[in-house]
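Asks: The sequence and its predicted three-dimensional model are supplied below.
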Amino acid sequence: MIQRLARRLAWAVFVVWATVTLAFVVSHALPSDPARMVAGPQARPQDIARIRKELGLDQSLFVQYTRFMGRLLHVGPSDPAALAKEHATCAAIVGPLHLDLGKSAQQRRPVVTILAERLPRTIVLALAAAFVQVLLGVGAGVLAASRKKTAVDHLAVGASLLGISAPTFVIGLFFQWLFAHRLGLLPLDGWGETFFDHVRSVILPALTLGVFGAAYYTRLVRDEMIGQLAQDYVRTARAKGLSRVAVVLRHALRNAMMPIVTILGVDVGTLVGGAIVTESIFRWPGLGSLSVTAMLDRDGPVIMGCVIVTSIAVVASTIAVDFAYAALDPRVRAER
């Protein structure tokens, strides 16, 4: 198990490095000039040249990449004064290793600080949306499979088709109109000030993401459950006197959850990376809206910070899925 974990971590480091490198090259290949966007449309040529030099954009792409990677993860200074100064500017300190993403070209603040403000809110939204997906999707799928070819099954399949077909922004706008405008039960958008405001504010964006994902989960769980309920072990369990509910929940559902775990892990990693459309509709101050703003402003350090967080989230969720398989299926543990 330790050897497999080491191989997975090595693979994860390679994937993150490749993703960051590709994003760096693409961001610098775009035709717009970050220095001009920082200086403003009325800036003089000499001011633009000065800003380009300050940002290091006057160097070759290879030099810029070497400096970026050398600064990104390095061993920090041992001197307490230098350590405090570095931590106060751009670096996040984890033991002797320092993660330095530089400063935002637009906000003139350390990217680490900006991400630290946005990431917790995105994690809250991602976990809440994943909970809605599992609760609605798995529940509806199990109910439809256990009531195959009945009105309940047809209703669940029809609702899932509607949820998959409807764009995310349509679902979000409908929820805003119904729960915020018409009923006045929940805030229209934003994050709020108090803990109670945060809880109320996350409900609508989580439902928007969750309903869209639950629609797909319903179809997948239904098909998997129908296949499992037709297996010999289910008939054997029923012949031994187990109730239908026990057979469905304790035996068939566990085997049907294998593909769900894979999709859920990828979904959580993607949601942590930022649900751009949903965060834009609800003005959610997370990584999704931050990524859009950074791309529009051509703020390279912030773009790279968002890419790094997203790639780490997806890779970490993939590794978690790999070990969740072993927990769900004893045959996987035996193979290892």
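Replies: That came through, no problem.

Asks: Distance-wise, check Arg7 relative to Val315.
Replies: Relative to Val315, Arg7 is positioned 13 Å away (criterion: C-beta to C-beta, to the nearest Å). (Each C-beta comes from the backbone N, C-alpha and C, glycine too.)

Asks: mind listing what's buried in the one helix or strand Trp11 maps to?
Replies: If you go by DSSP states H and E, Trp11 is part of helix 2-29. Applying a neighbour-count criterion of 16 or more other C-beta atoms under 10 Å, one finds Ala12, Val16, Thr19, Val20, Ala23, Phe24, Ser27 buried in helix 2-29.

Asks: Which neighbouring elements make contact with the next helix or strand after it?
Replies: Stepping forward along the backbone from helix 2-29, the first helix or strand reached (DSSP H and E) is helix 34-39. Helix 34-39 sits against helix 45-54, with contacts defined as 3 or more C-beta pairs under 8 Å, 6 or more residues apart in numbering; DSSP states H and E.

Asks: what's in contact with the helix it packs on?
Replies: Counting by C-beta atoms under 8 Å, 6 or more residues apart in numbering, the neighbours of helix 45-54 from elsewhere in the structure are Asp33, Ala35, Arg36, Val38, Ala39, Ala43, Asp58.

Asks: which non-adjacent residue is nearest the third one?
Replies: Across the structure, with C-beta to C-beta, 6 or more residues apart in numbering as the measure, the residue nearest Arg36 apart from its sequence neighbours is Ile48 (5.5 Å).

Asks: how close does that neighbour get to Pro34?
Replies: If you measure Ile48 against Pro34 using C-beta to C-beta, the figure is 10 Å.

Asks: Which one's more surrounded, those two?
Replies: Higher neighbour count among Ile48 and Pro34: Pro34, with 22 against 18, using other C-beta atoms under 10 Å.

Asks: need the contact list for that one.
Replies: When contacts are counted by C-beta under 8 Å, 6+ apart, Pro34 touches Leu55, Leu57, Ala105, Arg298, Asp299, Gly300.

Asks: Between the contacts of helix 45-54, which sits nearest Gly190?
Replies: Val38 (28.1 Å; C-beta to C-beta).

Asks: what about that closest one, neighbour count?
Replies: Using other C-beta under 10 Å, Val38 is surrounded by 21 other residues.

Asks: The stretch 201-336 of the chain: strands as residue ranges?
Replies: Assignment of strands within the stretch 201-336 of the chain using DSSP state E, counting those that start in this stretch yields no ranges at all.

Asks: so where is it shaky, pLDDT-wise?
Replies: Applying pLDDT under 70 to the stretch 201-336 of the chain picks out residues 273-274, 325-336.

Asks: Could you dump the contacts of Pro34 into JSON lines with neighbour count added?
Replies: Supplementary listing: the contacts of Pro34 in JSON lines, determined by neighbours: other C-beta atoms under 10 Å:
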{"residue": "Leu55", "neighbour count": "18"}
{"residue": "Leu57", "neighbour count": "18"}
{"residue": "Ala105", "neighbour count": "23"}
{"residue": "Arg298", "neighbour count": "19"}
{"residue": "Asp299", "neighbour count": "25"}
{"residue": "Gly300", "neighbour count": "24"}
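
Asks: Let me see the contact set for Leu185.
Replies: Neighbour list for Leu185: Phe179 [criterion: C-beta under 8 Å, 6+ apart].

Asks: Model confidence for the nearest residue to Leu186 once chain neighbours are set aside, exactly?
Replies: Using C-beta to C-beta, 6+ apart and skipping residues adjacent in sequence, the residue nearest Leu186 is Phe179, 4.7 Å away. With respect to pLDDT, Phe179 scores 90.

Asks: Secondary structure element for His98, which one?
Replies: In this assignment (DSSP H and E), His98 forms part of strand 97-100.

Asks: Quick check: what element follows that strand along the chain?
Replies: Next in sequence after strand 97-100, counting helices and strands by DSSP H and E, comes helix 111-132.
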